[in-house]
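Trainee: what follows is a predicted protein model with its sequence.
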Amino acid sequence: MSIHPTAVVAAGAIIPESCTIGPFCTLGPNVVLGERCELVSHVVLDGHLTLGDDNKVYSFTCLGIAPQDLKYNGEPTRLTIGNGNSIREYVTISRGTVGGGGVTTVGDGCLIMAYVHIGHDTHIGNGCILANAATLAGHVTVEDYAVVGALNPVHQFCTIGKYAYIGGGTTITQDVLPYSLTSVRRENRAFGINKVGLERRGFTPEQLKQLRAAYRILQVSKLNTTQALAAIREKVASGEFGEHIAYFADFIAKSERGVIK
């Protein structure tokens, strides 16, 4: 085990021999690390925190810290992080609150760039990218393979759908449609599908064609959202649209804050 002599590791912390703990890191008594994790330097791990295998955490990052919520009274809530994540400098990720379910989660294979903040009770899926200084309030859900752009503030209780791409500097106050390319002009708009990102993830031309068709029904037709949703579901039921469109329709139907169109 490689633990720098300046690191402070509390009794009770679980650290496999394959891990590397750099200078001036601080680990609390309820921290559990997976295999082959590396803490570069000046990293603070606090609270009931579980970090999976093969994670690299860069300098001045704070994980599992108390939530920025006035209702929090020191309850033993959690932060759980999966495998193979890269968490860059000055990132802060808060543990959960009792009122929000008690746990903040990050999946596998995510890139979390410098100065990102992930608030309490937020849930990040697999393969997500959060660019520099993205700021996620509490109770946000980011689904698999979504990209949150630099300097994006995301309002609490918003959901960012699978494979969505949000342009830098976009303020998110409603749910972001899955597969969409969403950015800001004078107001936030979804500019069709995230074609390049979806191709990189192996979506077929037929799947892209179906997604474009579904987006046209939602955004270009003269139907309101309820009517457009019914029209999309009809095509799913008939077999004309596949599983990705079924998920797309379900995402719209369950949205509580409305979706960015």
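Mentor: Ah, there it is.
Trainee: okay, CA-based contacts and neighbour counts for the rest of this
Mentor: Will do.
Trainee: quick one, domains of the protein?
Mentor: Recorded structural domains for the chain (assignment: automatic domain parsing) are 2-142, 198-254.
Trainee: including mean neighbour count, could these go into a markdown table?
Mentor: Compiled in a markdown table, those are given as follows (neighbours: other CA atoms under 10 Å):
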| stretch | mean neighbour count |
| --- | --- |
| domain 2-142 | 21 |
| domain 198-254 | 16 |
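Trainee: least trustworthy helix or strand in the protein by mean pLDDT?
Mentor: Comparing every helix and strand of the chain by mean pLDDT, DSSP states H and E singles out strand 188-193 as the least confident one, with a mean of 72.
Trainee: what's the first helix or strand after that one?
Mentor: With elements assigned by DSSP states H and E, the helix or strand that comes after strand 188-193 is helix 195-200.
Trainee: check which helices and strands that next one is in contact with.
Mentor: Helices and strands touching helix 195-200, by 3 or more CA pairs under 8 Å, 6 or more residues apart in numbering; DSSP states H and E: there are none.
Trainee: which stretches of the protein form helices?
Mentor: With DSSP state H as the criterion, the chain has helices at 195-200, 205-219, 225-238, 243-254.
Trainee: quick check, pLDDT for Asp144.
Mentor: Residue-level confidence at Asp144 comes out at 98, pLDDT.
Trainee: so where's the stretch 101-250 of the chain uncertain?
Mentor: Within the stretch 101-250 of the chain, the stretches falling below the threshold (pLDDT under 70) are 184-189.
Trainee: mind running it again at 50?
Mentor: Confidence mapping of the stretch 101-250 of the chain against pLDDT under 50 gives zero matching residues.
Trainee: mind putting the domains of the chain in JSON lines, distance to Ile160 included?
Mentor: Rendered in JSON lines, the data for the domains of the chain read as follows (distance: least, CA to CA, whole Å):
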{"stretch": "domain 2-142", "distance to Ile160": "5"}
{"stretch": "domain 198-254", "distance to Ile160": "10"}
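Trainee: nearest to Thr173, of those?
Mentor: Judged by CA to CA, the one of the domains of the chain that comes nearest to Thr173 is domain 2-142, at 10.6 Å.
Trainee: what's the end-to-end length of that closest one?
Mentor: The straight-line separation of the ends of domain 2-142 (CA to CA, to the nearest Å) is 34 Å.
Trainee: wait, what's in contact with Gly101?
Mentor: Applying CA atoms under 8 Å, 6 or more residues apart in numbering to Gly101 gives the contacts Asp121.
Trainee: what of Glu199?
Mentor: For Glu199, the contact set (CA under 8 Å, 6+ apart) is empty.
Trainee: what about it, distance to Ile15?
Mentor: Counting by CA to CA, the gap between Glu199 and Ile15 amounts to 39 Å.
Trainee: a markdown table please, covering the helices of the chain and showing distance to Leu79.
Mentor: Converted to a markdown table, the helices of the chain look like this (distance: least, CA to CA, whole Å):
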| stretch | distance to Leu79 |
| --- | --- |
| helix 195-200 | 29 |
| helix 205-219 | 35 |
| helix 225-238 | 36 |
| helix 243-254 | 26 |
